Structures are given as C-alpha cells and as structure tokens.
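[1] A structural model of the following input is requested.
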Amino acid sequence: MEIRIPFKKQQFDAREEAIIDAVNRLLSEKGYDLMTMDDVADAVGIAKGSLYKHFSSKEKLAGAAMTRLLKATQAELDTLAADMPAIDKIRHILAWSLRLRLQGGVPHLPSTSLALQRSLMLNLDYVMVALRVNKRFYALVAEARKQGALTPLVPDDVLVYTLYSRACDPTMEFLLRDKRLTHEQIVDAMVHATIGGFLSNEARKV
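    You can find the predicted model right below:
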C-alpha cells in the first residue's frame, strides 16, 4: 500500500530544508554569533513569524544545520565499499566535505563560538550523531594505521581534528577569490596537501 504524504506536509518539509540551507550559508558567511533570526527569514524570503513555526530559536536553527551535516557525512561514509583502503576512504570523505563547502553546505566549526558549543551540547540529536561520526572517523584512522598507510609521527587526534577543520579552512575563500584554480583543482590540491603529511613512508611509495 502506497503511503501518500499530504501536500501541506510536503510544503512544510521543503520550506524547512530551505531554511536549513540558508542557515548553512549564513553560518559559513557570518558565523553563529552574528547570524540573526531576521537574517534567516530574509534569506529564505519568509516572515519571521513563519520561521518560528519551524524553529523557535537561533540555537535550534544551528543545531538542525549541524545535525543534518553530520547525518549527511554518515550517509556518505555508508556509500563506500567495505574493501576500499581506509586511507582512500579518508581522502574521499575529505574531498566530499570540500565539495560540499564549495556549494555552501558546511558552516564554521562549533569551536569558533562558545555560545554555539553550549547550545549544541544541550541538543541531544546533535550529540548522538556527532558521537557516531567521531567514532567512525577514529575507526577509519585505526584501520589506516593497521594497513600501514599512516605515519606514527602524527597522533590520531591530530588527524581526526584536521579532517574537521580542513572542511572549514579559510584557505578555500582565498583560492576562490584568486580565481586561478577550478573548484576541482582546489579540492584535489587541498586533499593532497592535507593527507600528504599523514602518510607513512610505505604509503608514499604507492
């Protein structure tokens, strides 16, 4: 039996996705502290009262955006073949996050705002997804070490935190402004520059 979603529900969900898209862009451009509910309403083209029907506060807006990003990261990891070398999975997820960034889909790291950090720590959905993604990243690093692809000179924490931060690296803005490289050249260069320092001597020879 086919279950049909009511048209009004479809409209509501579509608007909610548009709101989160706008929040992603604003978080990336202005940061959490400077973003306002008025900014979001203006970006979507709706009244602030309509915005409040979806999200009751700026904290919930940011939480929804960050949670959706982490769920998308999980979904992307799920698409990777089980027999793909772990270092290639790490390269893939970094390249994927950079391409998403080029589309305006990656806001600034929570570490850029204490207020955002506090609100996210009170958001159970975000915390649960963040823990799962973090666990998967560390598992990838452990697997890559087991496969001999990573240098012992770089601790696991440095590698994992670099993956998070590189997706928000302001280097991309400078490169885009310079207009000397295509988007794909930027992604390839940033992945190479990031992963190159983590490789073992054996992996460099491959």
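[2] State the mean pLDDT of stretch 190-200.
    For stretch 190-200, the mean per-residue pLDDT is 93.
[3] quick one: contacts of it?
    87, 90-91, 94-95, 98, 148-152, 154, 159, 162-163, 166, 169, 171-172 (C-beta atoms under 8 Å, 6 or more residues apart in numbering). (Glycine included, C-beta is placed from N, CA and C.)
[4] C-alpha coordinates for that stretch, PDB please?
    Provided in PDB are the C-alpha atoms of stretch 190-200 (Å, rounded to 0.1, in the frame of the first residue of the first chain):
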ATOM      1  CA  MET A 190      43.700  20.700  -0.500                       C
ATOM      2  CA  VAL A 191      43.200  16.900  -0.200                       C
ATOM      3  CA  HIS A 192      46.800  16.300  -1.300                       C
ATOM      4  CA  ALA A 193      48.200  18.900   1.000                       C
ATOM      5  CA  THR A 194      46.300  17.500   3.900                       C
ATOM      6  CA  ILE A 195      46.700  13.800   3.500                       C
ATOM      7  CA  GLY A 196      50.400  14.000   2.300                       C
ATOM      8  CA  GLY A 197      51.600  14.900   5.800                       C
ATOM      9  CA  PHE A 198      49.900  11.900   7.400                       C
ATOM     10  CA  LEU A 199      51.200   9.200   5.000                       C
ATOM     11  CA  SER A 200      53.800   6.600   6.100                       C
END
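[5] For the residue lying closest to residue 50 once chain neighbours are set aside, give me its contacts.
    Nearest non-adjacent residue to residue 50, counting by C-beta to C-beta, 6 or more residues apart in numbering: residue 41, 7.4 Å away. When contacts are counted by C-beta under 8 Å, 6+ apart, residue 41 is found next to 47, 48, 50, 51.
[6] and of those residues, the nearest to residue 181?
    For these, the residue nearest residue 181 by C-beta to C-beta is residue 51; the value is 37.1 Å.
[7] is it true that that closest one touches residue 36?
    No - using C-beta atoms under 8 Å, residue 51 is not in contact with residue 36; the gap is 10.8 Å.
[8] between the two, who's got more neighbours?
    Counted by other C-beta atoms under 10 Å, residue 51 and residue 36 do not tie: residue 51 has more neighbours, with 20 against 13.
[9] Name the residues of the host helix or strand of residue 159 that are buried.
    If you go by DSSP states H and E, residue 159 is part of helix 156-166. The neighbour-count check on helix 156-166 (16 or more other C-beta atoms under 10 Å) flags 159, 160, 162, 163, 166 as buried.
[10] what sits against residue 78?
    Going by C-beta under 8 Å, 6+ apart, the list of residues near residue 78 is empty.
[11] Where does pLDDT dip in the chain?
    1-5, 7, 108-109, 206 (pLDDT under 70).
[12] Strands of that one, residue ranges please.
    Taking DSSP state E, the chain contains no strands at all.
[13] quick one: buried residues of stretch 179-196?
    Neighbour-count burial for stretch 179-196, counted by 16+ other C-beta under 10 Å, picks out 186, 187, 190, 191, 194, 195.
[14] Identify, from those residues, the entry nearest to residue 122.
    Nearest member of the buried residues of stretch 179-196 to residue 122, counting by C-beta to C-beta, is residue 194, at 31.7 Å.
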